[in-house]
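Engineer: Here's my sequence, what's the structure:
(4 chains)
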Protein chains: 2
Amino acid sequence: MLEHLSKLRKQQKWSLQETADQLGMAKSTYAGYESGYREPSLQSLSHIADLFETTVDFLIGRTDQEQDYIEITNLLEKPDAKISIDEKPLSADEIVDFVAFVRLKRSIKEKKI
Amino acid sequence: MLEHLSKLRKQQKWSLQETADQLGMAKSTYAGYESGYREPSLQSLSHIADLFETTVDFLIGRTDQEQDYIEITNLLEKPDAKISIDEKPLSADEIVDFVAFVRLKRSIKEKKI
DNA sequence: ACTTTTCGTATTCAATTCGCGTACCTTTTT
DNA sequence: AAAAAGGTACGCGAATTGAATACGAAAAGT
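Structural biologist: I've put the predicted structure just below:
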């Protein structure tokens, strides 16, 4: 559980102390979560997810999707069937086409063409 | 926390005992979660999310999005900026276009036009 | 109609776990 | 070299857990 925590903190280049301060807990407490020595309460876990702008499901390793929004261009590499229309998952082709479509539309709107 | 649990269980028309059995825990234990008397461990919570086919974030009320995939037509009513392309959230217009685009393409493919 | 089973709620209790302080060693900074 | 900061490990009191148990109400069975 919480294998991603250490990586997330280092991405932000925060120390254990800094992170614990932001969360309003003792350094040893937060360190315990990272090391797997302890588990946070649901409330603390929610605060941690807020701080790192991710989901609880990602923190506990239930999903590998880091954000709670979907960047569609990420789906180009591995279409994960995370989005659907009319209950039917988007195919890879549909995603490719749509990305092209929106990019074109945006570029027109910005008068770059 | 876990306000959704009772509703989810009743949707399935399961009793406390049935649900607890499926989760491999005592009835009183599961009942404690529903009533808010106790909090489950992260592992138990993950099992519960699996059983109800939802996310931990939904169970603890961190999001109101019940599934871990996004049905885009739901965003037509309340565009929640849950999806983005090139790091830029889709606008309401883009979502409308997207849906129309995919629907058209699908109907062509199915030779309905 | 009466009995039995099932349902949901509440309480008790031993065992576990939590959060924090503290100490310790290593690395970095001054 | 000294001081500060970073990371790890441990001990303790306090709080929480999970399960057993008990209870009245509702549902099902005879």
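
Engineer: Now do the buried residues in the lowest-mean-pLDDT helix or strand in chain A.
Structural biologist: None of the helices or strands of chain A scores lower by mean pLDDT, DSSP states H and E than helix A:74-77, at a mean of 76. Across helix A:74-77, burial judged by 16 or more other Cβ atoms under 10 Å in any protein chain shown covers A:74-75. Every C-beta, even on glycine, is put in place using the N, C-alpha and C of the backbone.

Engineer: and chain A, which residues reach chain B?
Structural biologist: A:1, A:39, A:41-43, A:45-46, A:49, A:55-57, A:60, A:62-63, A:65, A:68-73, A:81-90, A:94, A:97-99, A:101-103, A:105-106 (Cβ under 8 Å from any Cβ of the partner chain).

Engineer: Narrow those to those in helices?
Structural biologist: Here DSSP state H is the test, and the residues of chain A next to chain B give A:42-43, A:45-46, A:49, A:56-57, A:94, A:97-99, A:101-103, A:105-106 as lying in helices.

Engineer: Filter those residues down to the buried ones.
Structural biologist: Among these, those buried by neighbour count (16+ other Cβ under 10 Å) are A:42, A:45-46, A:49, A:56-57, A:94, A:98-99, A:101-102.

Engineer: Who are the contact partners of residue A:30?
Structural biologist: Listed by Cβ atoms under 8 Å, 6 or more residues apart in numbering or on different chains, the contact set of residue A:30 reads A:16, A:19-20, A:23.

Engineer: Residue A:87 too?
Structural biologist: residue B:71.

Engineer: pLDDT score for the closest residue in space to residue A:20 that isn't next to it in sequence?
Structural biologist: Of all residues not flanking residue A:20 in the chain, residue A:30 sits nearest, at 4.0 Å (Cβ to Cβ, 6 or more residues apart in numbering or on different chains). In this model, residue A:30 is scored at 97, pLDDT.

Engineer: same question, residue A:94
Structural biologist: 84.

Engineer: can you check residue A:66 too?
Structural biologist: The model's pLDDT for residue A:66 equals 75.

Engineer: Show the backbone phi and psi for it.
Structural biologist: Backbone torsions of residue A:66, given as degrees, to the nearest 10, read phi -80, psi -40.

Engineer: Just the residues contacting the least confident helix or strand of chain A, thanks.
Structural biologist: Under Cβ under 8 Å, 6+ apart, the answer for helix A:74-77 is A:82-83, A:90, A:92, A:95-96, A:99.

Engineer: Nearest to residue B:8, out of these: which one, please.
Structural biologist: residue A:82 (21.3 Å; Cβ to Cβ).

Engineer: The closest one and residue A:69 touch, don't they?
Structural biologist: No - using Cβ atoms under 8 Å, residue A:82 is not in contact with residue A:69, being 10.7 Å away.
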